[in-house]
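S.K.: Any chance you could fold what I've pasted below:
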Amino acid sequence: MIAGYCWPQSGTPGDTVDLMISASGGSCRAEVLRTGASELLMSSWDVQVGEQPVPEDCATEGCGWNPSLSLDIDPAWQPGFYLVRLTASDGEVAEAFFVVRAAEPTETLLVLSTSTWAAYNDWAGPSFYTGGHESSQHRPLPRGFLDKPDPHRYRVARFRQLPRPEVNEYFDKYSFWSGAAGWANWERLFVSWAERNGVVLDYATSLDLHSRPDLLDGRRLYLSVGHDEYWSEAMRDQVENWIEAGGAAAFFSGNTAFWQVRFGADDRVIGYKLDFELDPVMGTDAQHTVSTMWSDPLTGRPESEMTGVTFTRGGYAHCRRAPKGSGGYSIWRPDHWAFDGLRLIAGDVLGGEPVVVGYECDGCELALVDGLPVAVGSAGTPANFEVLGTAPARLWETADAPPGMPDTYVGELNWVTERLGGGDTPENRARFEHGSAVMGWFERGRGEVFTTGCTDWAYGLEHDDVATVTRNVIGRHVNLRQ
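M.R.: Numbers count the residues shown, from 1 in each chain. The predicted model follows:
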């Protein structure tokens, strides 16, 4: 066995990052690689290692391992995601990571969804999906979260097209949950495209956004990419206040900010979700921070106030028990600036071939006005939200649980109906069952927000139509280098 993790998860040039490793065999190879448009080897070491104990409560308390190596972030290292590849003497491989932040703020900030990675982390203990309520970030991530083969092939929206033996073989090597969270699925693809297309990025983690109140100072564009599901109150406060003051946010993501979490002792992520009655803040002055979904009446702050859309009115697409659709968005307002350079008419499909509308999607209640969909009725959806594109989606019922889910699984359709619909009845489920992925835009205060409403947008970036929209959104706020 070989495993490792880094702490802190981010730093600036001159800071030190400790690498904790547990491995048998006496030594291992540690390589630090910056992964962007290409994978660059920055440094490597032969490290003397031994097996370190895995505490029974490491899922909540962390591993507490001793550092095996301390890395000083070289001033020459550019901002980015740094993969630490560990190779044991017997050839077994594991990965860890850290992020290098810019010494001075740059215009565009990509915040990696590390709180969501923590929620799905089941290394040596339960995740939020297998009975856990707290997740320590002081422990390794399972294989597949940080590095995986051919992410275009091995993603949720493609699995049902693959032969079952191939899927089984894949999950023999990589975590079952690695399709739902991690750098390797979405941010890696986006960063590769961005660096090849003149987009200069700074990087941060969810914890940075939560704990560094000045993180967005001097920025012009905030980026969320992929599956960005778990947000703390401080994360939302910082982003929403910054938008109000004139910032621009682009959510190239889906299922965004569906669950509220808190950061506790040693930066662990706390999320009670469906077990919110057990959350210690219930019945206290801090009850509004209860770690259930943001759209719950207990929080009174639906995520659509920030993004324009919500998973409660979206759901799953192009995967098990979900509409296949075209794989793309039907575009309804082709004259919007986001589509500049594209020859579209209302009803054309964008992103269908690469399947950008896949896995988890956010939407809003819709009505037809003069034959075009408009947003109506959804609590929290801004009145000035413009619906640019739509695609079918569906929340899962409990009976739709995919293989590998625990017996305690409750479908989002049942949960949303219970919490928002007045009771989990067939009549109420019919109100929420047929959702939509919605691409849209709105102004908020002196700032603005664009959302794709889907997790899998990054899988379409090599296609001209998806790339053009992405360039239009980013280039509206920052200059792209040629």
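
S.K.: from what I can see residue 347 touches residue 333, true?
M.R.: No. Using CB atoms under 8 Å, residue 347 is not in contact with residue 333, being 11.2 Å away. C-beta coordinates here come from the backbone N, C-alpha and C atoms, glycine included.

S.K.: what ranges do the helices span in the stretch 301-450 of the chain?
M.R.: Remark: helices assigned in the stretch 301-450 of the chain by DSSP state H, counting those that start in this stretch are 304-307, 412-420, 426-432.

S.K.: got the ones you listed as TSV, with distance to residue 251 and mean pLDDT columns?
M.R.: Converted to TSV, the helices of the stretch 301-450 of the chain look like this (distance: least, CB to CB, whole Å; pLDDT from 0 to 100):
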stretch	distance to residue 251	mean pLDDT
helix 304-307	5	98
helix 412-420	19	96
helix 426-432	22	93
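
S.K.: Of those, flag the one that's most buried.
M.R.: helix 304-307 (a mean of 25; mean count of other CB atoms under 10 Å).

S.K.: Could you report the pLDDT at residue 482?
M.R.: With respect to pLDDT, residue 482 scores 62.

S.K.: Ok, residue 23 next?
M.R.: Value for residue 23, per-residue pLDDT: 95.

S.K.: hang on, the earlier thing: who has more neighbours out of residue 347 and residue 333?
M.R.: residue 333 (18 against 11; other CB atoms under 10 Å).

S.K.: In space, what's closest to that one - neighbours in sequence excluded?
M.R.: residue 388 (5.4 Å; CB to CB, 6 or more residues apart in numbering).

S.K.: Which parts of the stretch 51-200 of the chain are strands?
M.R.: Chain-ordered strands for the stretch 51-200 of the chain, with DSSP state E, counting those that start in this stretch as the definition, fall at 67-72, 80-88, 93-100, 108-111, 134-135.

S.K.: Give the buried residues for stretch 253-273.
M.R.: 253-263, 267-273 (16 or more other CB atoms under 10 Å).

S.K.: What about those residues, which are in strands?
M.R.: The strands, defined by DSSP state E, take in 253-254, 259-263, 269-270 from those.

S.K.: Using CSV, lay out these together with pLDDT and distance to residue 211.
M.R.: Shown next, in CSV, are those (pLDDT from 0 to 100; distance: CB to CB, whole Å):
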residue, pLDDT, distance to residue 211
253, 98, 21
254, 98, 25
259, 98, 19
260, 98, 16
261, 98, 13
262, 98, 12
263, 98, 7
269, 98, 13
270, 98, 14
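
S.K.: can you tell me which of those lies nearest to residue 45?
M.R.: residue 269 (30.2 Å; CB to CB).

S.K.: Kindly state the beta-bridge partners for the closest one.
M.R.: residue 135, residue 263 (DSSP bridges).

S.K.: Please report the distance of it from residue 135.
M.R.: Look at residue 269 and residue 135: by CB to CB, to the nearest Å, they are 5 Å apart.

S.K.: which residues do those two both contact?
M.R.: 118-119 (CB atoms under 8 Å, 6 or more residues apart in numbering).

S.K.: tell me the contacts of residue 213?
M.R.: Counted by CB under 8 Å, 6+ apart, residue 213 has contacts 234, 238.

S.K.: Surely it is in a strand?
M.R.: No. Per DSSP: H, G, I helix; E, B strand; the rest coil, residue 213 lies outside any strand segment and is coil.

S.K.: for it, phi and psi?
M.R.: Torsion angles at residue 213 (phi, psi; degrees, to the nearest 10) stand at phi -60, psi -10.

S.K.: So for it, what pLDDT did the model give?
M.R.: At residue 213, pLDDT is 97.
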